[in-house]
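1. no FASTA, just this:
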Ligand code: F6R
């Protein structure tokens with residue numbers, strides 16, 4: 001049942017190339033330059049006339065929502081708010097019939113997310129679901145939606161659900177950008193071609209598992225870890241920290257890299273591993289200077305860089321290279337080594353990887 005892997009989590013990490021293909025198959029016709037998604041096509045006017053998009057979700061799905069914010073705003077120029085479902089539902093939020101609410105949930109059963117969409121519906125908003133489990137409560141409660149086709153996710157720590165959620169959000173953002181004309185035709189085509197290359201790049205990344213394992217063995221006894229990223233990779237930093245906390249019980253925090261000097265930098269000493277996403281697109285120089293600030297305080301740097309990087313390689317204690325792609329698509333790649341890292345640390349610490357303590361796969365109570 002685990003397909004030869006020691007744990008469901010590792011199996012599911014390795015299923016990502018296929019899960020991403022399954023999610024865009026039949027929807028993205030790269031050569032024809034078309035994205036077909038019935039749930040969006042049938043409601044295109046609602047999306048195009050929306051005053052804003054409100055994304056509601058919890059946990060890892062909320063992190064995918066944050067990536068969605070960067071995608072929708074950058075590509076389709078639609079204002080986006082990303083909300084923890086649990087906060088949103090009790091805040092007496094302002095929701096109007098001109099809002100589009102996107103709820104993201106692997107299980108489709110998360111109590112707070114379900115309650116948030118019921119509230120949004122009662123205020124007249126159009127509610128769109130991004131779920132993995134077919135026929136789940138959230139899938140049924142939403143007006144329309146698009147499934148992620150990740151297949152069953154058994155490990156409690158979400159992995160392939162996250163990357164397929166980002167895949168769906170990318171497709172919707174691109175589709176809306178094309179319809180609105182906020183992305184040129186050539187950029188649209190270029191993104192489709194680049195998206196098609198992602199599964200092979202993920203496959204290639206999965207092959208560096210031994211290198212990630214080595215890094216895991218160096219830092220497995222850390223008591224605290226920091227994860228930093230900017231732009232599209234800020235949510236990936238949050239997700240990297242969450243994965244480590246959940247399955248290894250090591251305290252970890254994710255931060256936007258530039259926020260470091262507003263507090264967390266006080267934590268840096270020789271015992272603090274800092275995982276920094278420093279790909280060559282978007283804010284590279286700024287992230288490099290953040291890395292220098294950490295190094296000058298003796299922090300340990302494990303950097304995720306783009307293949308061929310020279311600058312960060314010289315400063316960092318360890319580097320993990322990812323294949324080059326467009327900045328907006330990098331979360332689909334930078335996520336992978338962070339998942340593997342958490343997995344290996346948890347295994348080395350002899351933790352119950354697939355069923356971490358105190359956690360449930362679907363949180364059906366608030
Ligand atoms: C993280 C994790 C949780 C879930 C969260 C939302 O690995 O599993 O944070 O992401 O409980 O669950 P869904 O997506 O089912 O609504």
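-> All right, it came through fine. Everything numeric in this text was worked out from a predicted model, so none of it was measured.
2. can you get me a residue count around residue 90?
-> Neighbour count of residue 90, defined by other Cβ atoms under 10 Å: 13. From N, CA and C alone the C-beta is placed, and that goes for glycine too.
3. so it belongs to a strand, correct?
-> No. Judged by DSSP: H, G, I helix; E, B strand; the rest coil, residue 90 forms no part of a strand; its state is coil.
4. mind checking pLDDT for it?
-> With respect to pLDDT, residue 90 scores 95.
5. ok, it to residue 163 distance?
-> 30 Å (Cβ to Cβ, to the nearest Å).
6. check residue 144 too.
-> 23 Å.
7. so between these two, which is more surrounded?
-> Using other Cβ under 10 Å, the more surrounded residue of residue 144 and residue 163 is residue 163, with 28 against 16.
8. give me the element the more buried one is part of.
-> Taking DSSP states H and E as the criterion, residue 163 maps to helix 160-180.
9. counting by contacts, list what that helix packs against.
-> helix 16-24, strand 34-35, helix 38-41, helix 44-48, helix 59-71, strand 126-131, helix 185-206, helix 331-348 (3 or more Cβ pairs under 8 Å, 6 or more residues apart in numbering; DSSP states H and E).
10. buried sites along the least confident helix or strand in the chain by mean pLDDT?
-> For the chain, scoring each helix and strand by mean pLDDT, DSSP states H and E identifies helix 284-295 as the least confident one, at a mean of 94. Using 16 or more other Cβ atoms under 10 Å as the test for burial, helix 284-295 gives 284, 287, 288, 290, 291, 294, 295.
11. among the helices and strands packed on helix 160-180, which comes closest to residue 113?
-> Among these, the nearest to residue 113 by Cβ to Cβ is helix 59-71 (7.6 Å).
12. helix or strand right after the closest one?
-> Per DSSP H and E, helix 59-71 leads on to strand 80-84 as the next helix or strand towards the C-terminus.
13. I'd like the helices and strands packed on helix 160-180 as CSV, with mean neighbour count, mean pLDDT and distance to residue 238 appended.
-> CSV is the format used below for the helices and strands packed on helix 160-180 (neighbours: other Cβ atoms under 10 Å; pLDDT from 0 to 100; distance: least, Cβ to Cβ, whole Å):
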stretch, mean neighbour count, mean pLDDT, distance to residue 238
helix 16-24, 22, 98, 19
strand 34-35, 20, 97, 27
helix 38-41, 16, 98, 27
helix 44-48, 15, 97, 26
helix 59-71, 25, 98, 5
strand 126-131, 26, 98, 18
helix 185-206, 17, 98, 20
helix 331-348, 26, 98, 10
